[in-house]
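Participant: structure here, sequence nowhere to be found:
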DNA sequence: AAATATTAATCAAACGATTGATTAATTTAT
DNA sequence: ATAAATTAATCAATCGTTTGATTAATATTT
């Protein structure tokens, strides 16, 4: 059972992702959540704060997702990178509405609280690369002084473009589970190849 | 001198890019364009059709940009790819508002006419890669059977992420012309390195 | 050449509908 | 009985669009 509060949050997340913040009315949200319109103000304060609540909700679970990865000390630097790719792709796939929303807000820059969250999220990601990379160089398995920011732009850009394109394809072509599965495994492989080249890894993928 | 019609189109392009279609009111557009609000309906029919007009206007000049590149038969396949990168980056930089708008509409999928334009644009781009690649393989300078679509996702994803991030950085850091120049030349270099790896080019960049 | 008719461009004002938000009343749970 | 959750009704503000009128430029007729 989801509470009305959660129902509003999840419905808004999907609608904001699909139609944009300004393209979604509070009445639409309340209808989708099967909740009275005034409950938005009751639980979240306003439509704007509802959007911020969505980010806070999703970001919270996102932080330790990366941290737990770093603690797996039995893995090599390259194995960690592979795991990072796999987990990150799965996560974006699972939370596709939220990450659609993130992409939208990245273009918007209108809500300062959300800009700050995104900025921080970006910084955290670079830290993860940094840590793994340092280990990798010490282990002698990675050799590079490539710009981590450019690498991140390439990885996340490829990931989001691919997933968005898949959703677009789905509107005209009937994708079976098997086809979608292959699409995602091809994508993961491609991302690993990119990292391999950019970080100078010479082992097997 | 720009006509009122052009003034409306350019103002709307900038506002739609910065604040989104739904986040921009017709009154805002008319104010920015210094034109009466009713001129939107007079020249374009509606707010929605104004958006479509912006796409038609920009797409028109975009098509022959790619075609003229293909006609330069004195260049090697790799030189064509380098030129493609350079020109494309310059173009996105010059028309940053329009390409912001394109990114927004890629997430939206609500206007069928615009979806079709974007879909077609994507297809044209793949054709360009295809043609250059075929030449490159024949010339023996490129060797690959890599997915052209994944390559395009990587190139355009990196490009857009980088440019968006630059705009975000500008809101806090004071970027000089020199710094921005370096940012873009680093980006071009990075995109060429990506292509080099993915297409199996072994010459100098 | 002068008078008339037609068109294109622009305007202020108003339209009905929808927006996010709030109120006060009511139901439900503790 | 008190507090928390939910509701229907209502608010002022803004939305995209349309209206009828006016001006200036162009085309047609006399």
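Facilitator: Now that the structure is in, tell me what you want to look at. Note that the structure is predicted; figures quoted are calculated from it, not measured.
Participant: can you find the helix or strand of chain A with the lowest average pLDDT?
Facilitator: Least confident helix or strand of chain A, by mean pLDDT, DSSP states H and E, is helix A:47-71 with a mean of 87.
Participant: residues contacting it, please?
Facilitator: A:8-9, A:12-13, A:16, A:21, A:26, A:29, A:40, A:44, A:80, A:83-84, A:87, A:91, A:95, A:98, A:101, A:105, A:111, A:113-114, A:117, A:121, A:124-125, A:128, A:131-132 (Cβ atoms under 8 Å, 6 or more residues apart in numbering or on different chains). Heads up, the C-betas are built off the backbone N, CA and C, glycines and all.
Participant: that one vs DNA strand C: in contact?
Facilitator: Yes - for helix A:47-71, a contact with DNA strand C is found by Cβ under 7 Å from any atom of the strand, at A:47-48.
Participant: ok, that helix near DNA strand D or not?
Facilitator: No - judged by Cβ under 7 Å from any atom of the strand, helix A:47-71 stays clear of DNA strand D, getting no closer than 13.4 Å.
Participant: got the buried residues for that helix?
Facilitator: Residues of helix A:47-71 classed as buried: A:47, A:49-55, A:58-59, A:62, A:66, A:69 (neighbour count, 16 or more other Cβ atoms under 10 Å in any protein chain shown).
Participant: which pLDDT value belongs to residue A:75?
Facilitator: We have a pLDDT of 87 for residue A:75.
Participant: quick revisit: nearest to residue B:33 among the buried residues of helix A:47-71?
Facilitator: Proximity of those to residue B:33 (Cβ to Cβ) peaks at residue A:47, which lies at 28.6 Å.
Participant: so what's the residue of chain A found nearest chain B closest to, chain neighbours aside?
Facilitator: The nearest approach of chain A to chain B comes at residue A:157, 2.4 Å away (Cβ to the nearest Cβ). Among residues not flanking residue A:157 along the chain, residue B:157 sits closest, at 2.4 Å (Cβ to Cβ, 6 or more residues apart in numbering or on different chains).
Participant: for burial, what's the neighbour tally of the one you found?
Facilitator: The tally of other residues near residue B:157 (other Cβ atoms under 10 Å in any protein chain shown) stands at 21.
Participant: in which helix or strand does it reside?
Facilitator: helix B:148-170 (DSSP states H and E).
Participant: buried residues in that helix, which are they?
Facilitator: Neighbour-count burial for helix B:148-170 [16+ other Cβ under 10 Å]: B:148-166, B:168.
Participant: quick check: next helix or strand after it?
Facilitator: Heading C-terminal from helix B:148-170 (DSSP H and E), you reach helix B:177-199.
Participant: buried residues in that following helix?
Facilitator: Neighbour count says helix B:177-199 has B:184, B:187-188, B:190-199 buried, by 16+ other Cβ under 10 Å.
Participant: one more: stretch A:122-137?
Facilitator: A:122, A:125, A:128-129, A:132-133, A:135-137.
Participant: can you check stretch A:108-116 too?
Facilitator: A:108-109, A:111, A:114-115.
Participant: tell me the mean pLDDT over the lengthiest helix in chain A?
Facilitator: Using DSSP state H to define each element, chain A has its longest helix at helix A:112-139. Averaged over helix A:112-139, pLDDT sits at 90.
Participant: check stretch A:173-185 too.
Facilitator: 96.
Participant: do the same with stretch A:144-151
Facilitator: Rounded mean pLDDT across stretch A:144-151 is 91.
Participant: what's that stretch in contact with?
Facilitator: For stretch A:144-151, using Cβ under 8 Å, 6+ apart, the contacting residues are A:126, A:129-130, A:133, A:137, A:195, A:198-200, B:158, B:162, B:165, B:186-187, B:190.
Participant: what do you get if the cut-off is 6 Å, keeping everything else the same?
Facilitator: If you take Cβ atoms under 6 Å, 6 or more residues apart in numbering or on different chains as the criterion, stretch A:144-151 is touched by A:126, A:129, A:198-200, B:190.
Participant: other SSEs contacting the helix or strand harbouring residue A:101?
Facilitator: When elements are assigned from DSSP H and E, residue A:101 belongs to helix A:96-108. On a contact count with 3 or more Cβ pairs under 6 Å, 6 or more residues apart in numbering or on different chains; DSSP states H and E, helix A:96-108 meets helix A:4-19, helix B:96-108.
Participant: distance from the chain centre to the last one, please.
Facilitator: With Cα atoms, centre = their mean, to the nearest Å as the basis, helix B:96-108 stands 9 Å off its chain's centre.
Participant: is there proximity between it and DNA strand D?
Facilitator: No - for helix B:96-108, no contact with DNA strand D is found by Cβ under 7 Å from any atom of the strand; the gap never falls below 15.0 Å.
Participant: report the angle between that helix and helix A:96-108.
Facilitator: 170 degrees (axes from the mean of the first three to the mean of the last three Cα atoms, to 10 degrees).
Participant: got the domain ranges for chain A?
Facilitator: A:1-45, A:52-199 (automatic domain parsing).
Participant: using a markdown table, please lay out those together with distance to residue B:75.
Facilitator: A markdown table is the format used below for the domains of chain A (distance: least, Cβ to Cβ, whole Å):
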| stretch | distance to residue B:75 |
| --- | --- |
| domain A:1-45 | 42 |
| domain A:52-199 | 25 |
